[in-house]
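> below: sequence and its predicted model.
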Amino acid sequence: MDFGWTDRDQAFRARVRDFLAQELPSDWDEIRRHGPGSKEQTEFSLEFCPKLASARLLVPHWPTAWGGGELSTWEHFILGEEMWAAGEPRGAQYMNVNWIGPTLMRFGSEEQRRAFIPQMAAGAAIWCQGFSEPDAGSDLAALRTRAVLDGDHYVINGSKIWTSYAGLAEHCFLLARTAGAPGDKSGITIFLVPMSTDGIEVRSIPSLIGHGDIHETFFTDVRIPATSRLGGEGEAWSIITYSLANERVGIPRYELSSRVLGDMVAALKQRGQFRDSAVQARAGAAHAACEAARLLVYRVVDQLANGRDPDADANIARVAVIRADHAVTDFGLDFLPDTFSGTGHPAHLAHHERAIVAGIAAGAAEIQLSLVARRHLDLPREAC
Amino acid sequence: MRFQPNEDQSTFFTVLEQMMGSGGAGWRAGEDWVRFDWSAEFDQLLEENGFFDCAAEEDLGAVAAADMVFCLASLPVTLECAASSLLRPQFFPHLPRPLAVIEDEASAVRFLPVARSILHIGEDGVRAALIEPMMVEPVESIFAYPMGVLRDAPIQWMKIDADPHLVSENWRIAIAAELAGALKGGLESVLAHVRDRKQFGRPLGSFQTIQHRLAGAASSIEAARLLVLKAAQSLDPVDSATALGYVQDASTDIVYDLHQFMGAMGLTLEHPLHRWTYRARLLRSSLGGALGNMQLASVRRWGEA
Ligand SMILES: Cc1cc2nc3c(=O)[nH]c(=O)nc-3n(C[C@H](O)[C@H](O)[C@H](O)COP(=O)(O)OP(=O)(O)OC[C@H]3O[C@@H](n4cnc5c(N)ncnc54)[C@H](O)[C@@H]3O)c2cc1C
């Protein structure tokens, strides 16, 4: 067991930090304030990601054949930490880098790979993920959106909800039902759908978490060529299980939380409000929550790096990550309430909007706890 | 960053596990329903086989020692392993063990009735003394440790040539390891119960409330163990205060939940749950308790003002 970083990892982190220090503009805090799914941040990502690509920092862990540098799991993860902590200047494109690109490499047809991967590696592609529906949230297999084969086309009808980035995305990684009733996983198929196709309508949903972050996406008689299907009919479940395996620990949220906490402490010190031992203890507790999350996540990264399946350890880590995000923003709400009003501090506000999402998006906290109970604690299935 | 044990550590833990599964380490009610089970024979077995000295071995080190304390504390028997594993090999290998560490002279001290040496860690230095059973007055206590106070006999203190801060940070880590291990032992015991016990026609462990609270406890305990191991390696004073503060803070809710899910059975001396929870209920206040350690971590990280 060794909790230190290798020289190589440290050098890589320093390289990413230097790049960020050089390339993030002085008004970056104002841009990031709008949230990763906002128009501002999406447009920024289209300037920023090509620069990352030129510096060979966009897809460093991809195979060289697709523009990558074959870097390690740890380096990929360090990149993710630094980007998230900087306010995710890659915007929606982090999804391409982390899982959409690699999924296409493995399951895409030659035509699909050539059509989409180079653009992703160049930092010029915005995708959205069309999974959740009004009646299929935590219970994703309940999705109803239908795709019916009609000659050499599929016709798609249905609606998606909470679709991040949909307003500006060029493509959607869509799950639709080609067979079976809601609940039947084996009837779900993946489609790579251009968002400009007739019959797609996107509505932004006003929210607590930044501008233009989440959307409703309606599909009415949307005709797409059968070649837009990724893999075979009914293969969606096994493909997304594979492609999201590396996403199992989710976003390295604790890194931003930990830095925002440091910032909040600095603000309190400046006001002479950090002398109070109660404030100090709460800051220590929030720090501990961040470090707990960090170590549990690192354990999972280490497992992935060694080609092992982290299984429930990933769910255990997610629970701690959610707690850490809340511990930090609650610290701010308790001791720096004015930071969330008026001109406030944009980074604290941006963190708050990310933190309140932590226990809901990408698998609710309660789903994580149930998985821990079943897979790690070996408790019997919940009865209805 | 590497979370897997090295080869020596792997072998070490395989053997330790075998020993933990042997006689003398399991649950025994004890005469007169005593609140703790001081397993002298198992303690001796570990000592004779050099387990308590593993921190001094290069390929095992303090990380393995801290993990061993975590493992041993998860047993229903009470062992003096924290000070013996994380302080003794480094600072006073020649002192006979068991050791009792005196944090506060006014209180009853755990392990005093079985200790052969006592330690005092003060700002100004570290002292140690050899003691005899007649120098100690055993004290009855709710805690699952042999507790005692020193009688008014003269004590021959020896000054130990060690940095008191380093000793005290190692002690902080040792307590955190022991507390996390005690919680883990209690959790395992409750898990076995809720898998087995049926109410309303189904196992208790199938109720989501119980699942979620135990899953939350598991996440905290796993995190606490990793925080402890990291602190044992880094010896960074922020890390040690963070580890102890974190596990002390988590212990309150965890101990509550463990007793809740055991029902009335958990309030009896016939079930071992108390052997873990009443160690945890003592250790939660050690070295300043959760608030004190969180505050300490904070001040060490960011300064006072
Ligand atoms: C900011 C944000 C961005 C998102 N982006 C996308 C996106 O780009 N694409 C996409 O497809 N989806 C996206 N989602 C949707 C996300 O995946 C869902 O919100 C999530 O799966 C939960 O579904 P739900 O919101 O319908 O909640 P529900 O499934 O209705 O659950 C509500 C709550 O009930 C509880 N609950 C649910 N099931 C159980 C259970 N079995 N046991 C105990 N408690 C339970 C949980 O507390 C849960 O939070 C996004 C969500 C957010 C918040």
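Structure's in. What do you need?
> so is the host helix or strand of residue B:242 next to chain A?
Using DSSP states H and E, residue B:242 sits in helix B:237-262. Yes. Counting by CB under 8 Å from any CB of the partner chain, chain A is contacted by helix B:237-262 at B:239, B:241, B:242, B:245, B:246, B:249. In this view, the C-beta of every residue, glycine as well, is placed from N, C-alpha and C.
> list the contacts of the third one.
Residues in contact with residue B:242, defined by CB atoms under 8 Å, 6 or more residues apart in numbering or on different chains, are A:284, A:287, A:288, A:291, B:227, B:231, B:293, B:294, B:297.
> try the fourth one
If you count contacts by CB under 8 Å, 6+ apart, residue B:245 has them with A:284, A:285, A:288, B:290, B:291, B:292, B:293, B:294, B:296, B:297.
> any chance of these in JSON lines, with neighbour count, secondary structure and pLDDT too?
JSON lines is the format used below for these (neighbours: other CB atoms under 10 Å in any protein chain shown; DSSP: H, G, I helix; E, B strand; the rest coil; pLDDT from 0 to 100):
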{"residue": "A:284", "neighbour count": "29", "secondary structure": "helix", "pLDDT": "98"}
{"residue": "A:285", "neighbour count": "24", "secondary structure": "helix", "pLDDT": "98"}
{"residue": "A:288", "neighbour count": "30", "secondary structure": "helix", "pLDDT": "98"}
{"residue": "B:290", "neighbour count": "22", "secondary structure": "helix", "pLDDT": "98"}
{"residue": "B:291", "neighbour count": "18", "secondary structure": "helix", "pLDDT": "98"}
{"residue": "B:292", "neighbour count": "19", "secondary structure": "helix", "pLDDT": "98"}
{"residue": "B:293", "neighbour count": "29", "secondary structure": "helix", "pLDDT": "98"}
{"residue": "B:294", "neighbour count": "28", "secondary structure": "helix", "pLDDT": "98"}
{"residue": "B:296", "neighbour count": "23", "secondary structure": "helix", "pLDDT": "98"}
{"residue": "B:297", "neighbour count": "28", "secondary structure": "helix", "pLDDT": "98"}
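> list the contacts of the residue of the stretch 51-200 of chain A found nearest chain B.
Proximity to chain B, evaluated over the stretch 51-200 of chain A using CB to the nearest CB, is greatest for residue A:74 at 6.9 Å. Applying CB under 8 Å, 6+ apart, we find residue A:74 in contact with A:6, A:9, A:301, A:305, B:1.
> tell me, how many residues neighbour the residue lying closest to residue A:380 once chain neighbours are set aside?
Here the nearest residue to residue A:380 in space, its sequence neighbours aside, is residue B:206; by CB to CB, 6 or more residues apart in numbering or on different chains that works out to 4.4 Å. Using other CB atoms under 10 Å in any protein chain shown, residue B:206 has 18 other residues around it.
> let me know whether residue B:206 touches residue A:382 as I believe.
Yes. If you go by CB atoms under 8 Å, residue B:206 and residue A:382 touch, sitting 5.7 Å apart.
> who touches both of these two?
The overlap between the contact sets of residue B:206 and residue A:382 (CB under 8 Å, 6+ apart) is empty.
> do a quick rundown of the strands in chain A.
Under the criterion DSSP state E, strands of chain A are mapped to A:127-130, A:146-150, A:153-161, A:171-177, A:188-194, A:200-205, A:214-225, A:229-230.
> the ligand: which of the ones you listed is closest?
Across the strands of chain A, the ligand has its closest neighbour in strand A:127-130 (4.1 Å, CB to the nearest ligand atom).
> quick one: strands adjacent to the closest one?
strand A:171-177 (parallel) (DSSP bridges).
> is the ligand contacted by the strand it pairs with?
No. Applying CB under 6 Å from any ligand atom, one finds strand A:171-177 separated from the ligand by no less than 7.9 Å.
> and that strand, C-alpha only, in PDB?
What follows is strand A:171-177, C-alpha atoms only, in PDB (Å, rounded to 0.1, in the frame of the first residue of the first chain):
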ATOM      1  CA  HIS A 171     -25.700  14.500 -31.700                       C
ATOM      2  CA  CYS A 172     -27.500  12.400 -29.200                       C
ATOM      3  CA  PHE A 173     -26.500   9.100 -27.800                       C
ATOM      4  CA  LEU A 174     -30.000   7.800 -27.600                       C
ATOM      5  CA  LEU A 175     -31.600   4.800 -25.900                       C
ATOM      6  CA  ALA A 176     -34.900   3.700 -27.500                       C
ATOM      7  CA  ARG A 177     -37.000   0.600 -27.400                       C
END
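> how much space between the one residue sitting closest to the centre of chain B and the ligand?
Central residue of chain B (CA atoms, centre = their mean): residue B:178, 1.9 Å from the mean position. As judged by CB to the nearest ligand atom, to the nearest Å, residue B:178 and the ligand stand 34 Å apart.
> list the residues that contact that residue.
Neighbour list for residue B:178: B:69, B:70, B:73, B:81, B:82, B:279, B:283 [criterion: CB under 8 Å, 6+ apart].
> give the helix, strand or coil label for it.
What DSSP: H, G, I helix; E, B strand; the rest coil gives for residue B:178 is helix.
> quick revisit: which ones among the contacts of residue A:74 lie within helices?
Of the contacts of residue A:74, the ones assigned to helices by DSSP state H are A:9, A:301, A:305.
> perfect, that will be all.
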